[in-house]
Structures are given as C-alpha cells and as structure tokens.
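Novice: Quick one, structure for this:
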Amino acid sequence: MTLTWIAIIASLLMGAGAALIFIFAAKRDYFRDIEEAKYQVFWSDIEELVNEVEEEESNERKT
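Specialist: Numbering: from 1, shown residues only. Prediction:
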C-alpha cells in the first residue's frame, strides 16, 4: 500500500511540474511561432544543397 501512495504522489508531482513548465514557456512566449523551427531546418538544408551545386558548377567551369 505504501508503494501505491508513493506512485500516486510521484505522478502528481510530475504532472504539476509539467504544468509549471508549460505555464513558464507560455509566459516566456516560447510557443510564439512553432512552425518557424521547421522551416529554418528545411531552408538550411536547401541552402547547403544549392551551395554544393554552385561549387560543383564553378569547379567544372575552371577545368
């Protein structure tokens, strides 16, 4: 029975901790533009590919 109470208290504390972290993040405006991170990763990959192609083309022109 003691383990049950420990598990219940631990789960309540974890839930309260998660709620506090969510409130902190919402007040600090961390959820302002969630989609922006996805596009930053996408465009950085595209820029790397474009740079590689440009380098290959410039190397082919030199030879």
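Novice: tell me which element W5 is part of?
Specialist: W5 belongs to helix 2-27 when elements are defined using DSSP states H and E.
Novice: my bad, should have said R32
Specialist: Using DSSP H and E, R32 falls within no helix or strand.
Novice: per-residue pLDDT, it?
Specialist: Predicted confidence (pLDDT) for R32: 81.
Novice: what phi and what psi does the backbone show at it?
Specialist: Main-chain torsions, R32, degrees, to the nearest 10: phi -60, psi -50.
Novice: Could you identify the longest helix within this protein?
Specialist: Longest helix of the chain, by residue count under DSSP state H: helix 34-62.
Novice: Can you report how many residues lie near the residue lying closest to F31 once chain neighbours are set aside?
Specialist: Spatial nearest neighbour of F31, excluding adjacent residues (C-beta to C-beta, 6 or more residues apart in numbering): A25 at 6.5 Å. No exception for glycine: its C-beta is placed from N, CA and C like everyone else's. Applying other C-beta atoms under 10 Å, we find 11 residues neighbouring A25.
Novice: ok, S58 - how many residues close by?
Specialist: Using other C-beta under 10 Å, S58 has 9 other residues around it.
Novice: Quick one: residues contacting it.
Specialist: Listed by C-beta atoms under 8 Å, 6 or more residues apart in numbering, the contact set of S58 is empty.
Novice: Let's see the pLDDT reported for the residue nearest the centre of the chain.
Specialist: Nearest to the geometric centre of the chain sits A37, at 6.8 Å (C-alpha atoms, centre = their mean). On pLDDT, A37 comes in at 71.
Novice: ok, now T63?
Specialist: On the pLDDT scale, T63 is placed at 62.
Novice: ok, now how distant is the residue nearest to F31 from I34?
Specialist: In this structure, A25 and I34 are 11 Å apart, going by C-beta to C-beta, to the nearest Å.
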